[in-house]
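Asks: Next one to model:
(2 chains)
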Amino acid sequence: MRNFIQGLGVLALGVSLIAGAAAPAFAATTLLNVSYDPTREFYKEFNAAFAADWKTKTGETVTIQQSHGGSGAQARSVIDGLDADVVTLGVESDIDAIASKTKKIPADWRKRLPNASAPYTSTIVFLVRKGNPKGIKDWSDLVKDGVQIITPNPKTSAGGRWNYLAAWLWAAKQYNNDDARIKTYIGDIYKHSPVLDTGARGSTVTFAQRQLGDVLLAWENEAYLAKQEFGDGDFEIVVPKLSILAEPPVSLVDGNADAKGTRKVAEAYLNYLYSAEGQTLAAKWFYRPSKPELVKAGAAALPKVDLVSIDDPLFGGWKTAQAKHFDDGGVFDQLYKPGK
Amino acid sequence: MSKVASRYRDPASETLSWRLILILLAVAFLGIVVVLPLVTVFYEAFRKGTGAFIAAFDEPDAIAAIRLTLTVAAIAVPLNLVFGVAAAWAIAKFEFRGKTFLVTLIDLPFSISPVISGLVYVLLFGAQSYLGPILKSQGIQIIFALPGMVLATIFVTFPFIARELIPLMQEQGTGDEEAALSLGASGWQTFWYVTLPNVKWGLLYGVLLCNARAMGEFGAVSVVSGHVRGLTETMPLHIEILYNEYNFAAAFAIATLLALLALVTLALKTVLELRYGDEIAAGRKH
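Replies: Residues are numbered from 1 along each chain as shown, chains lettered A, B, ... in the order given. Coordinates of the predicted model:
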């Protein structure tokens, strides 16, 4: 019996030694970038480019760690103590939530970087199956009989919120700001949605890999990426005439960066997003660069769309829109009835 | 043995065709629910060739995930081993007030969704809790770091060892222990030389089950992980990431490793049963 117990002990010790032996040595500076879903591929390349640039400029080695998930869920993690040096989230309201709940970010954070802290922008487009079998051309076609829409949950996903607002925008113009008719349309959109994933990437996988639904409401960059990943033949991108200007913002998390002493490199990291290299990479991964004049040749220009900003009087900025539409008991809660 | 059995009427009195139908049904069910998914995992992993399969493991993030999974299990399982034995011993061999309550408490992790199990630790140790900032000022990070993931894993795998041992120990009764004590053994000696040897196989099963779950846990760990690549991603979380990055071959490659670990556990259990079958049966009858 003794041997038996000793054996177990040795086994446990052995496993922990194996596990411990290969532990990495963190001598160099590390930055943690807490981001949202569709930026995975972009930041993978951007981080490598920044690390190389920082090395040439300062001689210091910097490692950038990434965390991805639904934008709202990621903000929640930072609020609960995830040690992000920078956040690069999907909507302003998620960074506002961190600012107000933790005080680790000053309230006027949007003024600190160019273009209201949005180094790249995007919009919402439709991804449909090859040949567009349901004939989806514009927002009105989404609620036709037999059309199934894939869109993430606006409660947890920034992409989900932009989708919702883009649809609202179209309906407001279409129905001359008739509140009742807009709400009927938005309600119909969610009646046509069989599943609401928690993040934009989850929705893309649902649509592209699990083959559910007829149309995916997606970030423009996410739609192009999915089209590229799954082979150009399977999907088509439909660009509506009117859509929303999505501005995914970035910010330093001052409280965390100062505690870790990484402010200087974290600020350089965010500024690098606005450099020629950063803007070119953003364009390469199908974002709309905020400084298109800096983009080096090679990246294809995205189609022109009539884009309306969240700061349009229709929405009145993120704070107003967030409170009206997405807070508990807001318009989305009133309109969305699961399973009906 | 067969002579004794032949005195009784064959309990399976159904006609041959009925028996065949029932057997087929059982096999088909098992095939669809267990075998088919397992085969799919391996099929998907190798669909793009062995090159893609091997490439999945030649990735710093994958290695880090495997290492973290082993570390978490290496901490959580021994702790649950000590606790499980202590709890089972107390419950099976002693009478005390609040015993039923303790049994219910041990079962709690089974009845709670793992997501909730993770969330309670965020509420307890997160930056918005009372404890979180105090610990943080001492430089202790629980949530979104190894301690939180270990805690969540311990919580979820908490009942496995105790649950395996309690019925066994109860069945064995306290006769052996009373004999040992009456012969002058101390409490510790009684436990070490009498109680523990009687349950060693049950204990090993418990440890194997606990370990399998500790390595495979997703929900609770996902909530407290923070999803920092190469740092707080275990194998199940890494699989989700790869899947979400359209890297299906790599996702299923890591999944095969996880499935293999489970299969090894099962095989180990079977080998032990074959090798020590008599001893195990004797232990249970005691």
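Asks: Spell out which parts of the stretch 151-286 of chain B neighbour chain A.
Replies: Selection of the stretch 151-286 of chain B residues close to chain A by Cβ under 8 Å from any Cβ of the partner chain yields B:192-193, B:196-197, B:200, B:207, B:226-231, B:241, B:243-246, B:248. Every residue, glycine included, has its C-beta placed from N, CA and C.
Asks: What's the PyMOL syntax to select whichever of the residues you listed are buried?
Replies: Filtering these down to the buried ones (16 or more other Cβ atoms under 10 Å in any protein chain shown) takes a single PyMOL command:
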select buried, chain B and resi 196+200+207+226+227+228+229+230+231+241+243+244+245+246+248
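Asks: Which of the residues of the stretch 151-286 of chain B next to chain A fall in helices?
Replies: B:196, B:197, B:200, B:207, B:241, B:243, B:244, B:248 (DSSP state H).
Asks: so which of these comes closest to residue A:89?
Replies: Comparing those against residue A:89 with Cβ to Cβ places residue B:244 closest, at 17.2 Å.
Asks: show me what contacts that closest one?
Replies: By Cβ atoms under 8 Å, 6 or more residues apart in numbering or on different chains, the contact set of residue B:244 is A:37, A:40, A:201, A:202, A:205.
Asks: Look at the third one and give its secondary structure.
Replies: The local conformation at residue A:201, judged by DSSP: H, G, I helix; E, B strand; the rest coil, is helix.
Asks: any idea how far chain B is from it?
Replies: 5 Å (Cβ to the nearest Cβ, to the nearest Å).
Asks: ranges for the helices of the stretch 51-200 of chain B?
Replies: Read by DSSP state H, counting those that start in this stretch, the stretch 51-200 of chain B holds these helices, from start to end of the chain: B:60-93, B:99-111, B:114-125, B:131-137, B:146-157, B:159-172, B:175-182, B:187-190, B:196-216.
Asks: contact partners of the second one?
Replies: The contact list for helix B:99-111, computed with Cβ under 8 Å, 6+ apart, reads B:87, B:90, B:91, B:117, B:155, B:156, B:157, B:158, B:159, B:162, B:163, B:166.
Asks: Same list, these, but as JSON lines with pLDDT and neighbour count please.
Replies: Formatted as JSON lines, these follow (pLDDT from 0 to 100; neighbours: other Cβ atoms under 10 Å in any protein chain shown):
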{"residue": "B:87", "pLDDT": "92", "neighbour count": "22"}
{"residue": "B:90", "pLDDT": "91", "neighbour count": "15"}
{"residue": "B:91", "pLDDT": "92", "neighbour count": "20"}
{"residue": "B:117", "pLDDT": "89", "neighbour count": "24"}
{"residue": "B:155", "pLDDT": "94", "neighbour count": "21"}
{"residue": "B:156", "pLDDT": "94", "neighbour count": "26"}
{"residue": "B:157", "pLDDT": "94", "neighbour count": "27"}
{"residue": "B:158", "pLDDT": "90", "neighbour count": "24"}
{"residue": "B:159", "pLDDT": "93", "neighbour count": "25"}
{"residue": "B:162", "pLDDT": "93", "neighbour count": "25"}
{"residue": "B:163", "pLDDT": "91", "neighbour count": "19"}
{"residue": "B:166", "pLDDT": "92", "neighbour count": "22"}
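Asks: Single out the most deeply packed of the helices of the stretch 51-200 of chain B.
Replies: helix B:146-157 (a mean of 24; mean count of other Cβ atoms under 10 Å in any protein chain shown).
Asks: ok, the spatially most central residue of chain B - contacts?
Replies: In chain B, the centroid-proximal residue (Cα atoms, centre = their mean) is residue B:210; its distance is 2.4 Å. Residues in contact with residue B:210, defined by Cβ under 8 Å, 6+ apart, are B:76, B:77, B:80, B:81, B:84, B:157, B:160, B:161.
Asks: Please tell me how far residue A:277 sits from chain B.
Replies: Residue A:277 is 22 Å from chain B, by Cβ to the nearest Cβ.
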